[in-house]
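Colleague: Structure for the following, please:
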Amino acid sequence: MPIAQPFQTAQAITFINHIKQQCPLVHCITNDVVQNFTANVLLAIGASPAMIIAEQEVESFVTIADSLLINIGTIHNSTANSMRLAAKKAQQTQTPWVLDPVAVGPALSYRTNIAHQLLSFNPTVIRGNASEILALNGQNASSKGPDSQDSTQSALNTAKALAQQYQTIVAMTGDVDYITDGNTTYSITGGDIALTKVTGTGCSLSAMVAAFIANSPDPLQATASACLMMKKAGELANKQQGLGTFAVSILDQLSTFNPTHE
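Modeller: From the prediction side, this is the model:
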């Protein structure tokens, strides 16, 4: 039996159409660097973004949101408290939520400790690169800040173990994406190296995952659909005029993507 089943575009059609029909409200507690791009990505796929961060508001907003994203990229004491409050409320209300453990590892113990606290609130999906997934599981990882130096293939067994330990879905993205619940694993190839050269594509993908799992009967395939859509957008986006045009073209491709033509 293969270690992973290739996830096909045809499998994503239902989930991509579901976003456009439902227009899920996605509560984003994300890093300062990517808020604008993340909001535009969510709008491009047909979701509705809300960047509600104040600790006085996050609990009430989780109760009306369709899903929640927590991204620890530019974490500090105030946002960390907001994240804990939101994650706890999401667990209580069974609101699906995504944890993006940006740059966790032994060199950054503060954020790593917060990430482990957040894991106790049962995220629906953990979306990270290979180094982040290894570090979350307490294993040696090689990273340069938020950028992984490890391959997703080398960390696949760790991703499966993490998914089983926390009864969650792990979406580990890189040259090959692997999406696993510890039992079933999907792989997605393609994409473009330029996706790693534009700030916010990975963080925005985590927001896309949050949108896709909102009100979804199959969070595993929904997560894989989000990953496939971003890889396809990266392939199709205009790379001829440089990275600035490429970044805008990703939004174009996401907003016009028609999986029935793939």
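Colleague: who's in contact with the helix or strand hosting residue 11?
Modeller: Residue 11 belongs to helix 9-22 when assigned by DSSP states H and E. Helix 9-22 is contacted by residues 45-47, 66, 211-212, 214-216, 218, 221-222, 224-226, 228-229, 232, 257, 259-260, 262 when judged by Cβ atoms under 8 Å, 6 or more residues apart in numbering. To be clear about C-beta, it is placed using only N, CA and C from the backbone, and glycine gets the same treatment.
Colleague: mind listing the strands for the stretch 101-250 of the chain?
Modeller: Assigned by DSSP state E, counting those that start in this stretch, the strands in the stretch 101-250 of the chain fall at 125-128, 143-144, 147-148, 169-172, 177-180, 185-188.
Colleague: Out of those strands, which is closest to residue 79?
Modeller: strand 125-128 (18.1 Å; Cβ to Cβ).
Colleague: hang on, the earlier thing: now the contacts of helix 9-22: which count as buried?
Modeller: When the contacts of helix 9-22 are checked for burial by 16 or more other Cβ atoms under 10 Å, the buried set is 45-47, 66, 211-212, 214, 216, 221-222, 224-226, 228-229, 232, 257, 259.
Colleague: Now go through the residues you listed and say which are in helices.
Modeller: Among the buried ones among the contacts of helix 9-22, the members found in helices (DSSP state H) are 45, 211-212, 221-222, 224-226, 228-229, 232.
Colleague: measure stretch 59-72 end to end?
Modeller: Distance across stretch 59-72, first residue to last, is 18 Å (Cα to Cα, to the nearest Å).
Colleague: Report the buried residues of it.
Modeller: 59, 61-62, 65-72.
Colleague: cool, and stretch 94-113?
Modeller: For stretch 94-113, using 16+ other Cβ under 10 Å, the buried residues are 95-105, 108, 111-112.
Colleague: Least confident of the residues you listed?
Modeller: In terms of pLDDT, residue 105 ranks lowest among the buried residues of stretch 94-113, with 91.
Colleague: any idea how far residue 150 is from that residue?
Modeller: Using Cβ to Cβ, to the nearest Å, residue 105 is found at 11 Å from residue 150.
Colleague: List just the nearest of the buried residues of stretch 59-72 to residue 193.
Modeller: Using Cβ to Cβ, the buried residues of stretch 59-72 come closest to residue 193 at residue 71, 22.5 Å.
Colleague: quick one: contacts for that closest one?
Modeller: Here residue 71 is in contact with 28-31, 34, 100, 102, 203, 206-207 (Cβ under 8 Å, 6+ apart).
Colleague: Could you find the closest non-adjacent residue to residue 43?
Modeller: Excluding its sequence neighbours, the residue lying closest to residue 43 (Cβ to Cβ, 6 or more residues apart in numbering) is residue 49, at 6.6 Å.
Colleague: got it, and residue 247?
Modeller: Nearest residue to residue 247, sequence neighbours excluded (Cβ to Cβ, 6+ apart): residue 198, at 4.7 Å.
Colleague: what residue ranges in the stretch 1-150 of the chain score low on pLDDT?
Modeller: Filtered on pLDDT under 70, the stretch 1-150 of the chain yields the residue ranges 1-2, 140-149.
Colleague: where do the helices sit along it?
Modeller: Per DSSP state H, counting those that start in this stretch, the stretch 1-150 of the chain carries helices over the ranges 9-22, 35-45, 58-62, 77-93, 109-119, 130-136.
Colleague: Backbone torsions only: list them for the closest residue to residue 164 other than its chain neighbours.
Modeller: Take residue 164 and drop its neighbours on the chain: the residue closest to it by Cβ to Cβ, 6+ apart is residue 182, 3.5 Å away. Per-residue torsions, residue 182: phi 100, psi -20 (degrees, to the nearest 10).
Colleague: residue contacts, residue 182?
Modeller: With contact set as Cβ under 8 Å, 6+ apart, residue 182 has these partners: 160-161, 163-164.
Colleague: contacting residues for residue 165?
Modeller: By Cβ under 8 Å, 6+ apart, residue 165 lies in contact with residue 137.
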